[in-house]
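Engineer: With the input below, show me the fold.
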Amino acid sequence: MKTFLKLFILFFIVSNMYAQTWTTYDYNNSNYSLTATYCLTVDASNNIWIGTNRSIVKFNQLNTWTVYDASNSGMPNDRVVDIATTGTNSVWVCTYGSGLLNFNGSMWQQYLPSNCGILSNYTYCVGFDTPGNVWMGILSANAQNAGVMKWSGGNNWTPYNNFFDGYNYKNVEAIAKDNAGNIWCGTSIGVFKFDGTNWTPYTKENTSGGLCGNYVRTIAVDASGNIWFGCEDKDPVTGYPIAGGLSKFTGTSWSNYKPSNSNLTTGYISAIAFRNNEVWVGTGFCGEVSDNKGLFKFDGTNWTNYANNTSTFPGACVFDIVVDKNNNLWVAGPNILTKINFTPSGIEDNYKDIIPTQYSLNAYPNPFNPTTKIEFSIPKQGKYTIKIYNTLGQELSMLVDHELVAGVHSVTFDASGFASGIYICKLNGDNVSLSKKIVLTK
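Structural biologist: Residues are numbered from 1 along each chain as shown. A predicted model of the protein is given here:
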């Protein structure tokens, strides 16, 4: 009987180990921080940075919202089109009319045609190469202006105008660096690869349809080095953009996914991100097209659509997707930000012969220096948190914030950055609130 029960519990835990908790933040539950959310990035400290229609918002993992706008910073009151961070947590911001911005944590720098070598106030996208140079795509004002520029510090601005068909003015809307260090630029006339010396064009025509369309609006590189493109095509009669699809390039071969050959029900791809072996795809260009089908997950075989569901993704249009340092997903949609929370590898499941009948919370060792294992028993599945507080009741660290199955679990608390003293560990969840005093001695 015990063996059967043990196998049942193990099966139950494995079948639920990928449980997801979906949380959506909007204007009301984000301390009135979020308006239109256009773009996302994650810094080295796991803060989420959100670009809106008139500000930048930083959201840390302790649920603190910080707004940077024209009233309290060097951030102009302008729409943020793209945002990215470096390994030093330097934040780079593209705006629709106020040039390129940089925030190093204390100071803001604005780059405009009037004060540097940048060629336009309208910046579309930003990325970094292996040496750390900053690359930005710009809305070209005329046929003479470049569509992409490289900044290597100081006054060293390099324009590139190697892609121009006499009509499209070289606008670049997407930039990515592949695993070999090549820079890829998405334009309305195809995608261009720069190897440091030469530019190589890839179009729907010269890839025999491998590239779904010549208007490339998003580019992402997976862990295996495959390059993925979200494309639009052009109506051969009217010349207007129409749905293209999702294309993958291995470096030698192409494959694509669109409504005609997959369960991806739209060809308007607005965002791409990777989590483990999954490809997460955002669709729709809000306000531009009506074919908005929400968020899709592709596991290599099957497509799953999340859209207009209050228990998952409540919208039908996606602007951006990022994966944070805890392997959770964040999705930006019109006026909302959704977090998809997965059970982290930092939580250990200590399997027992029976499911606990009551809640418990303990720490071993205690006193400790500098780490202790927090072990907790939960008799039923639900959403639980483990948080650390000081004796004044101030929250210092969140160790657990997840959907968990019934069982005995543990998580390690590393207090290397804390001072010696007494702290309070709290377990909260459905109908439970337990506290445990823990003592750090250094």
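Engineer: Strands along the stretch 51-200 of the chain, start to end?
Structural biologist: 56-59, 65-68, 80-85, 91-95, 100-103, 108-111, 123-128, 134-138, 148-151, 157-160, 172-177, 183-187, 190-194, 199-202 (DSSP state E, counting those that start in this stretch).
Engineer: Out of these, flag the one nearest Lys373.
Structural biologist: For Lys373, the closest of those is strand 56-59, at 28.8 Å, according to Cβ to Cβ. Using the backbone N, CA and C atoms, a C-beta is placed for each residue, glycine as well.
Engineer: in its sheet, what does that closest one sit against?
Structural biologist: strand 48-52 (antiparallel), strand 65-68 (antiparallel) (DSSP bridges).
Engineer: got the contact list for the last one?
Structural biologist: For strand 65-68, the surrounding residues in contact (Cβ atoms under 8 Å, 6 or more residues apart in numbering) are 30-31, 33, 55-60, 75, 103.
Engineer: hmm, 7 Å instead?
Structural biologist: For strand 65-68, the external contacting residues (Cβ atoms under 7 Å, 6 or more residues apart in numbering) are 30-31, 33, 55-59, 75.
Engineer: from these, which single one is nearest Asp324?
Structural biologist: Closest to Asp324, out of all of those and judged by Cβ to Cβ, is Phe59, at 10.3 Å.
Engineer: Quickly list what the closest one is bridged to.
Structural biologist: Ile48, Trp65.
Engineer: possible to save the strands paired with strand 56-59 as JSON lines with mean neighbour count, distance to Gly209 and mean pLDDT?
Structural biologist: Formatted as JSON lines, these follow (neighbours: other Cβ atoms under 10 Å; distance: least, Cβ to Cβ, whole Å; pLDDT from 0 to 100):
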{"stretch": "strand 48-52", "mean neighbour count": "24", "distance to Gly209": "34", "mean pLDDT": "95"}
{"stretch": "strand 65-68", "mean neighbour count": "18", "distance to Gly209": "44", "mean pLDDT": "94"}
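Engineer: I'd like to know which of those lies nearest to Gly186.
Structural biologist: Gly186 lies closest, by Cβ to Cβ, to one member of the strands paired with strand 56-59: strand 48-52, at 18.5 Å.
Engineer: In terms of helices and strands, where is Ser435?
Structural biologist: Using DSSP states H and E, Ser435 falls within strand 432-440.
Engineer: List the contacts of the most centrally placed residue in the chain.
Structural biologist: Central residue of the chain (Cα atoms, centre = their mean): Val322, 1.0 Å from the mean position. Residues in contact with Val322 (Cβ under 7 Å, 6+ apart) are 40-42, 273, 330.
Engineer: What is the subsequent helix or strand relative to the helix or strand harbouring it?
Structural biologist: Secondary structure from DSSP H and E places Val322 in strand 320-323. Sequence-wise, the next helix or strand downstream of strand 320-323 (DSSP H and E) is strand 329-333.
Engineer: Distance check, Ile118 against Ile83.
Structural biologist: 17 Å (Cβ to Cβ, to the nearest Å).
Engineer: neighbour count winner among the two?
Structural biologist: More crowded of Ile118 and Ile83, by other Cβ atoms under 10 Å: Ile83, with 24 against 20.
Engineer: and that one, what does it touch?
Structural biologist: Contact analysis of Ile83 by Cβ under 7 Å, 6+ apart lists 39, 41, 49, 51, 56, 91, 93.
Engineer: Asp69 - how many residues pack around it?
Structural biologist: If you count neighbours by other Cβ under 10 Å, Asp69 ends up with 16.
Engineer: just for the stretch 1-150 of the chain, where's the confidence low?
Structural biologist: Applying pLDDT under 70 to the stretch 1-150 of the chain picks out residues 1-19, 61-62, 140-146.
Engineer: Go through the strands of the stretch 51-200 of the chain and name the closest to Asp430.
Structural biologist: The nearest among the strands of the stretch 51-200 of the chain, by Cβ to Cβ, is strand 56-59 at 25.3 Å.
Engineer: Residues in contact with stretch 201-216: which ones?
Structural biologist: Residues contacting stretch 201-216 (Cβ under 7 Å, 6+ apart): 163, 174, 186-193, 229, 231-234, 241, 244-247, 254, 256, 258, 267.
Engineer: So for the strand holding Ser435, mean pLDDT?
Structural biologist: On average, the pLDDT along strand 432-440 is 96.
Engineer: Quick one: list the elements packing against it.
Structural biologist: Judged by 3 or more Cβ pairs under 7 Å, 6 or more residues apart in numbering; DSSP states H and E, the packing partners of strand 432-440 are strand 360-364, strand 421-429.
Engineer: swap the cut-off to 8 Å and go again
Structural biologist: For strand 432-440, the contact count by 3 or more Cβ pairs under 8 Å, 6 or more residues apart in numbering; DSSP states H and E identifies strand 360-364, strand 371-378, strand 421-429 as packing neighbours.
Engineer: First-to-last residue distance for stretch 173-182?
Structural biologist: 17 Å (Cα to Cα, to the nearest Å).
Engineer: shaky segments in the stretch 201-350 of the chain?
Structural biologist: 287-289, 343-350.
Engineer: Could you pull out the strands in it for me?
Structural biologist: Under DSSP E, counting those that start in this stretch, the stretch 201-350 of the chain gives strands at 215-221, 227-234, 241-249, 254-257, 269-275, 278-283, 295-298, 303-306, 320-323, 329-333, 336-342, 347-350.
Engineer: hmm, back to that, which pair in the contacts of Ile83 spans the largest distance?
Structural biologist: Greatest spatial distance among the contacts of Ile83 (Cβ to Cβ): Cys39 and Val91, at 11.6 Å.
Engineer: I appreciate the help and will end here.
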